[in-house]
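In: just the structure for this:
(chains A and B)
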There are 2 protein chains.
Amino acid sequence: MERIVECVPNFSIGDDAKTIEMIVNVIRQTEGVYLLDYEHDTAYNRLVVTYFGEPEATKKAMLNAGRVAVERIDMRKHQGQHPRIGALDVAPFVPIKNITVEECINLSKEFAKAFAEEHKVPVYLYGEAAETPEKGDVDWIRKGEWEALAENMKDPERKPAFGPVKPHPTAGATMTGAREVMVGLNINLGTTDLRIAKAVAKAIHRKKGGLVRIKAMGCLWEDRGITQIGITNTDFRKSPLYRQMELVKIEAARYGVQVVGAEFCGLVPIDALVDVTNYYLRLEGFSKSDLLEVAIDRKLAELNPKHASTISCK
Amino acid sequence: MERIVECVPNFSIGDDAKTIEMIVNVIRQTEGVYLLDYEHDTAYNRLVVTYFGEPEATKKAMLNAGRVAVERIDMRKHQGQHPRIGALDVAPFVPIKNITVEECINLSKEFAKAFAEEHKVPVYLYGEAAETPEKGDVDWIRKGEWEALAENMKDPERKPAFGPVKPHPTAGATMTGAREVMVGLNINLGTTDLRIAKAVAKAIHRKKGGLVRIKAMGCLWEDRGITQIGITNTDFRKSPLYRQMELVKIEAARYGVQVVGAEFCGLVPIDALVDVTNYYLRLEGFSKSDLLEVAIDRKLAELNPKHASTISCK
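Out: Predicted coordinates:
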């Protein structure tokens, strides 16, 4: 596979096994894309699918899955803890191999145009794909959620990039765009005091004076007698994982609390490990190309253009 | 490439560009092996070649290179700082993909037998391939070097595993065996006091009470105004890189000295980075299979058995 895009669409689906199955299957059956994972959370009533493939194929799969979502999901009946504005709530295109963020932005715009035309669903561009950083803010777009959408869309500032200037009656609206790989790194604190976990979470959160690419929330992990800070890092190249970890340590130490563990939520790109290793081993000029497996794959690709590997490029 | 072995033969070559070229070329021209790197050091008068390929092909390349070495190198004329016992001084087979250390040991024995028979060169087995840990010790085998070899070999304890019980008149003797990937991680200290660097090197060295898989030596890096501890880690799975780094910090701190940098010498396997990340991010149960690129390559290999990648296995 010469070029690889990863897609992580989120669908607002409640307790509806049939629709979940149909969405997953239609992605699986799209030629040239490969399903990596899917997860349905009943507290969120949200289906998150992860798949990858050649750029054009990923767009096609997104249109196929979006069609099922529009046909089968009725937002008027949807409830769940996670903020959402539509049936296909968010459709991110992530550059993995031999493709730039800019190319993924274009791909998301092509998807947005086709999806809006086919179903008369308004589509917003978020993140780097948006006109301005303010208009690309996911929380700003989702403000008031599906329930406030019709009213919100009367504001000229909230005109969607594609499609009608009113919500689809059952499918609401959709956001699409390109983003870097998101890394979920949750950090455990040796305290049961939720106020401390929340204070630390707040201190590192991008909207509360923390790191630019970090969202964080504190919660209690009762049976282990600890608290956990759930952290989403939307660009580990800008806010590296070591900085996230060290800042949590510093903020927790102020309460005499220590970091007692951590876990990745989801998959992690090798580049994030290169970053961490560079920092903690105090390396001067170490990069991905110094990895043994990368050197071997490069050599094989040099001599045999058909040799494919995900690590050897980008 | 289904299975991959890496080989890192060391040749005792002085200022002889023609022989260097012939050895490198004969490896390059062996079908099924790929040259990664070669380096000739004039202080050591030593040529180190790195190549990889399918197991059988790597053995063939080693025999081809060994033939050139025996024909063209005369140990009677060789001098250099690095201890050595023969023209093809050491021939390690390193398991990289879909192959075990045990299989590499067998490969090294097949090479040893063929090489000894063809050239009447005595061959020692070192490391895991040796009869006992004592007899597998590289420093023990090289004791007194080429110059003492004829005398040393009279000791029944020093009978080689293959070939005659006396040195080849011009090619000396050879060592072969299997080993894990070696990682060179040199650590810089913020001091020009060589005594401190040497004391720290000694403290972490496996023979002086340090870590089991570590060899270390201190040296002065005059133009940068620092000292460097040159460290070879022969099995980062047993003595992980973070332990190596933290121990150097602790030993240096005793003199009020700090680590001011570090550098990898040679290529680094991804597993070593997984280790480092696990430790410093205090992760619970993170492994190579949680890497995005590994998950993608696995999926591609599942659906297309011809998809090859170096990271997806082992």
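
In: contacting residues around the most centrally placed residue in chain A?
Out: The residue lying closest to the centre of chain A (C-alpha atoms, centre = their mean) is A:Met182, at 5.3 Å. When the contact criterion is C-beta atoms under 8 Å, 6 or more residues apart in numbering or on different chains, the partners of A:Met182 are A:8, A:232-234, A:266. In this view, the C-beta of every residue, glycine as well, is placed from N, C-alpha and C.

In: same question for A:Asp275.
Out: Counted by C-beta under 8 Å, 6+ apart, A:Asp275 has contacts A:236-237, A:240-242.

In: ok, back up a step: which two among the contacts of A:Met182 are spaced furthest apart?
Out: Maximum pairwise distance in the contacts of A:Met182, criterion C-beta to C-beta, is 14.5 Å, between A:Val8 and A:Asn233.

In: neighbour count for those two, which is higher?
Out: With neighbours defined as other C-beta atoms under 10 Å in any protein chain shown, A:Val8 and A:Asn233 compare such that A:Asn233 has more, 25 against 20.

In: so who does that one touch?
Out: A:182-185, A:213-214, A:239, A:241, A:244.

In: mind listing what's buried along the helix or strand of chain A with the lowest mean pLDDT?
Out: Of all helical and strand segments in chain A, the minimum by mean pLDDT, DSSP states H and E falls on helix A:292-303, at a mean of 87. Within helix A:292-303, the residues scored as buried using 16 or more other C-beta atoms under 10 Å in any protein chain shown are A:292-301.

In: and for stretch A:261-278?
Out: Within stretch A:261-278, judged by 16+ other C-beta under 10 Å, the buried ones are A:261-264, A:266-278.

In: next, A:Asn186: phi, psi?
Out: Dihedral angles of A:Asn186 (phi, psi; degrees, to the nearest 10) stand at phi -90, psi 140.

In: need the pLDDT of it.
Out: Per-residue confidence (pLDDT) for A:Asn186: 94.

In: tell me which residues form a beta bridge with it?
Out: Following DSSP bridges, A:Asn186 is listed with bridge partners A:Glu263.

In: looks like it contacts A:Ile231 (just checking).
Out: Yes: using C-beta atoms under 8 Å, A:Asn186 is in contact with A:Ile231, at 6.1 Å.

In: between the two, who's got more neighbours?
Out: Set A:Asn186 next to A:Ile231 and count neighbours by other C-beta under 10 Å: A:Ile231 wins out with 25 against 19.

In: next, work out how far apart the more buried one and A:Tyr126 are.
Out: 20 Å (C-beta to C-beta, to the nearest Å).

In: same deal with A:Val68?
Out: 22 Å.

In: more crowded one of those two?
Out: Taking neighbours as other C-beta under 10 Å, A:Val68 and A:Tyr126 compare with A:Tyr126 leading, 24 against 21.

In: tell me the contacts of the more buried one?
Out: By C-beta under 8 Å, 6+ apart, the neighbours of A:Tyr126 are A:90, A:136-138, A:141, A:175-177.

In: what are the phi and psi angles of it?
Out: phi -120, psi 170.

In: got a pLDDT number for it?
Out: For A:Tyr126, the predicted pLDDT is 96.

In: for the one 5 residues further on, same thing?
Out: Here the pLDDT value assigned to A:Glu131 is 90.

In: distance check, the residue nearest to the centre of chain A against A:Asp235.
Out: 8 Å.

In: now swap in A:Lys198 and tell me
Out: Taking C-beta to C-beta, one finds A:Lys198 at 24 Å from A:Asp235.

In: so which bits of the helix or strand A:Ile23 falls within are buried?
Out: Using DSSP states H and E, the element containing A:Ile23 is helix A:17-28. For helix A:17-28, the buried set under the neighbour-count rule, 16+ other C-beta under 10 Å, comprises A:19-20, A:22-24, A:26-27.

In: would you state the strands of the stretch 1-150 of chain A in chain order?
Out: A:4-7, A:10-11, A:33-41, A:46-53, A:88-97, A:123-125 (DSSP state E, counting those that start in this stretch).

In: which one of the ones you listed lies nearest to B:Arg84?
Out: strand A:88-97 (43.5 Å).

In: A:Arg84 contacts A:Gly144, correct?
Out: No: between A:Arg84 and A:Gly144 there is no contact under C-beta under 8 Å: 11.3 Å.

In: neighbour count: the two, which is higher?
Out: Applying other C-beta under 10 Å to A:Arg84 and A:Gly144 shows that A:Arg84 carries more neighbours, namely 25 against 12.

In: distance of that one relative to A:Leu194?
Out: Distance, A:Arg84 to A:Leu194, by C-beta to C-beta: 26 Å.

In: for A:Met175, same thing?
Out: In terms of C-beta to C-beta, A:Met175 sits 31 Å off from A:Leu194.

In: same check, this time on A:Leu273
Out: Distance from A:Leu273 to A:Leu194, by C-beta to C-beta: 31 Å.

In: residues in contact with the residue in the stretch 101-250 of chain A that chain B sits nearest to?
Out: Going by C-beta to the nearest C-beta, chain B is nearest to A:Met245 of the stretch 101-250 of chain A, at 5.6 Å. By C-beta under 8 Å, 6+ apart, A:Met245 lies in contact with A:185, A:187, A:259, A:262, B:280-282.

In: now do A:Thr58
Out: A:Thr58 makes contact with A:5-7, A:33, A:51-52, A:93, A:107, according to C-beta under 8 Å, 6+ apart.

In: now do 6 Å
Out: A:5, A:7, A:33 (C-beta atoms under 6 Å, 6 or more residues apart in numbering or on different chains).

In: chain neighbours aside, what residue packs nearest to A:Pro167?
Out: Of all residues not flanking A:Pro167 in the chain, A:Leu149 sits nearest, at 4.6 Å (C-beta to C-beta, 6 or more residues apart in numbering or on different chains).

In: my guess is that neighbour contacts A:Pro169. True?
Out: No: with contacts counted by C-beta atoms under 6 Å, A:Leu149 stays clear of A:Pro169, the gap being 11.0 Å.

In: the two: who's more crowded?
Out: A:Leu149 (22 against 11).

In: who touches the more buried one in this structure?
Out: A:85, A:167, A:172.

In: okay, the residues you listed in JSON lines with distance to B:Lys288 and pLDDT next?
Out: Output for these, formatted as JSON lines (distance: C-beta to C-beta, whole Å; pLDDT from 0 to 100):
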{"residue": "A:Ile85", "distance to B:Lys288": "38", "pLDDT": "96"}
{"residue": "A:Pro167", "distance to B:Lys288": "45", "pLDDT": "97"}
{"residue": "A:Gly172", "distance to B:Lys288": "40", "pLDDT": "97"}
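
In: got the residues of chain A near chain B?
Out: Within chain A, the positions near chain B by C-beta under 6 Å from any C-beta of the partner chain are A:34, A:36, A:52, A:245, A:259, A:261-264, A:267-270, A:273, A:276-277, A:280-284, A:286, A:290-293, A:295-297, A:299, A:307-311.

In: that older thread, of the buried residues of helix A:17-28, which is the nearest to chain B?
Out: Using C-beta to the nearest C-beta, the buried residues of helix A:17-28 come closest to chain B at A:Ile27, 13.1 Å.
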